[in-house]
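Participant: okay, predicted coordinates and the sequence, questions at the end:
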Amino acid sequence: WFWRLRRFSMALVTAAVLVALMPGFSPTGGPHAISHASRAAIFCTNTASTTQAASPRSEGLALMLDDGTRKSHSVAENTAFVTGFFRGIASPESFAQLVASLYFVYEAMEACFDACEDPRVCALDFPELRRRAALERDMAFFHGPNWPESVRPTPATRAYVEHIRRVARDRPELLVAHQYTRYLGDLFGGQMMGGMAQRTLGLQEGQGTAFYQFEGIPDTKAFIDAWYARLNAQPFDPAARAAIVDEGNRVFTYNIALFEELEGAWWRAAWALAVRGLADWDARVNAQWGLRV
């Protein structure tokens, strides 16, 4: 029964993720069909979607990071990430905690980027990617105007923040792994994950999900290709490249720890998302094809 329950649980998660993506799916296919990159976006480090031969992601450190972070994660780790995100959107309270954890992480990251003197890190620090200002708006929405005085980081968040600061002090070049793992994961999955939170929690457009909106990046694919090209142009020796890949995997585990602190019931969010997604998708199909239930 244990393995049957486990298989059922994972099937529920998978169904909810796929149904959550249905708002971008057109029954007739075409430009609104679900892309491979969107389906993979929930896995923070699985940013190696379908690429063209000339893509900068097919070579250099870009390829090392995509392959090295994706292949090193077990099914259990990826399962923990997915169920953790669903736990985060299970209730307004759990999502508010997730937003707070992300705020403290990005506050530390971006303060370290500001202070960093390594030109390779600075070259990859695009202002369009910065998330602190957006998270401050989300914090005010969920925690009220006095949140700077009332909200404090959780134990897992403190550990994550301390690690970021330690890396910035001792091995600043490894901050590239944090830029890659967090920013690119956010950019790939931001619209989808923000939409899932809105649908599950009943939020209005833009309410509490500013973090997931990259208003300064109108063309996600072009921006990511440009970021990868600049990454490949940085003069990292083989040892530094390997260390950056290892750090990318380490960042993944810190993010899982943030999710594991959340108290929401992931299966409730998955079920609610699946039900709402199916209802919305059915309505769109009926409207498009003139069907009546």
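Facilitator: Yes, it's here. Numbers count the residues shown, from 1 in each chain.
Participant: what sits against residue 64?
Facilitator: By CB atoms under 8 Å, 6 or more residues apart in numbering, the contact list for residue 64 reads 241, 242, 244, 245. Any C-beta I mention is one placed from the backbone N, CA and C, and that applies to glycine too.
Participant: what comes up buried for the helix or strand hosting it?
Facilitator: Element membership of residue 64, judged by DSSP states H and E, is helix 60-72. Across helix 60-72, burial judged by 16 or more other CB atoms under 10 Å covers 60, 61, 62, 63, 64, 65, 66, 68, 69, 70.
Participant: residue 188: which element?
Facilitator: Going by DSSP H and E, residue 188 is in helix 185-201.
Participant: now do the helix holding residue 64 against helix 185-201, angle only.
Facilitator: With axes from the mean of the first three to the mean of the last three CA atoms, to 10 degrees defining the directions, helix 60-72 sits at 40 degrees from helix 185-201.
Participant: before we move on, back to that, who does the helix holding residue 188 touch, helix- and strand-wise?
Facilitator: Judged by 3 or more CB pairs under 8 Å, 6 or more residues apart in numbering; DSSP states H and E, the packing partners of helix 185-201 are helix 2-20, helix 36-40, helix 75-88, helix 92-115, helix 220-232, helix 266-289.
Participant: distance of residue 163 from residue 198?
Facilitator: Using CB to CB, to the nearest Å, residue 163 is found at 31 Å from residue 198.
Participant: and residue 141, what does it touch?
Facilitator: Residue 141 sits next to 207, 208 when contact means CB under 8 Å, 6+ apart.
Participant: which pLDDT value belongs to it?
Facilitator: On pLDDT, residue 141 comes in at 97.
Participant: what's the answer for residue 262, then?
Facilitator: Confidence at residue 262, expressed as pLDDT, is 82.
Participant: give the contact list for residue 251.
Facilitator: By CB under 8 Å, 6+ apart, the neighbours of residue 251 are 177, 178, 181, 182.
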